[in-house]
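Student: no sequence for this one, just the structure:
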């Protein structure tokens, strides 16, 4: 199974990299772009056949390492 984890900053947390991306897009002539927020995607191959167990394992990974849950949210998608 494959797990795909999307980690993003929580609303209200400053995002200097997102600001820099937004500024660069404006400089390149892309007008009409509002706020830009950046995040990360993590893909994990798992030796698991049960989707529920896979999701529980990845949730534990997120809570312990992959996401700083004080300032970040995460979403998990399990693919067969």
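Tutor: Received it, and whenever you're ready, just let me know what you need. These figures come from a predicted structure and were not determined experimentally.
Student: got any ranges where the chain has weak pLDDT?
Tutor: Under the criterion pLDDT under 70, no range of the chain is flagged.
Student: The residue with the largest distance to the centre of it: which element?
Tutor: Distance to the chain centre peaks in the chain at residue 29, reaching 27.0 Å (criterion: Cα atoms, centre = their mean). Element membership for residue 29, per DSSP states H and E: none, as it lies in no helix or strand.
Student: Ok, residue 76 next?
Tutor: Assigned by DSSP H and E, residue 76 falls in strand 72-79.
Student: State the paired neighbours of that strand in the sheet, together with their directions.
Tutor: Using DSSP bridges, the strands paired with strand 72-79 in its sheet are strand 2-9 (antiparallel).
Student: Any buried residues in the helix or strand that the partner strand is followed by, and which?
Tutor: Using DSSP H and E, the helix or strand that follows strand 2-9 in sequence is helix 16-27. Buried positions in helix 16-27, judged by neighbour count with 16 or more other Cβ atoms under 10 Å: 18, 22. For glycine as for every other residue, the C-beta is placed from the backbone atoms N, C-alpha and C.
Student: Can we start the residue count at 548 from this point?
Tutor: Okay, using 548 as the starting number, the last item reads as helix 563-574.
Student: Report the angle between helix 563-574 and strand 549-556.
Tutor: 80 degrees (axes from the mean of the first three to the mean of the last three Cα atoms, to 10 degrees).
Student: Give me the residues contacting helix 563-574.
Tutor: 556, 580, 582-585 (Cβ atoms under 8 Å, 6 or more residues apart in numbering).
Student: With stretch 576-583 instead?
Tutor: So stretch 576-583 is contacted by 562, 565-566, 568-569, 572-573 (Cβ under 8 Å, 6+ apart).
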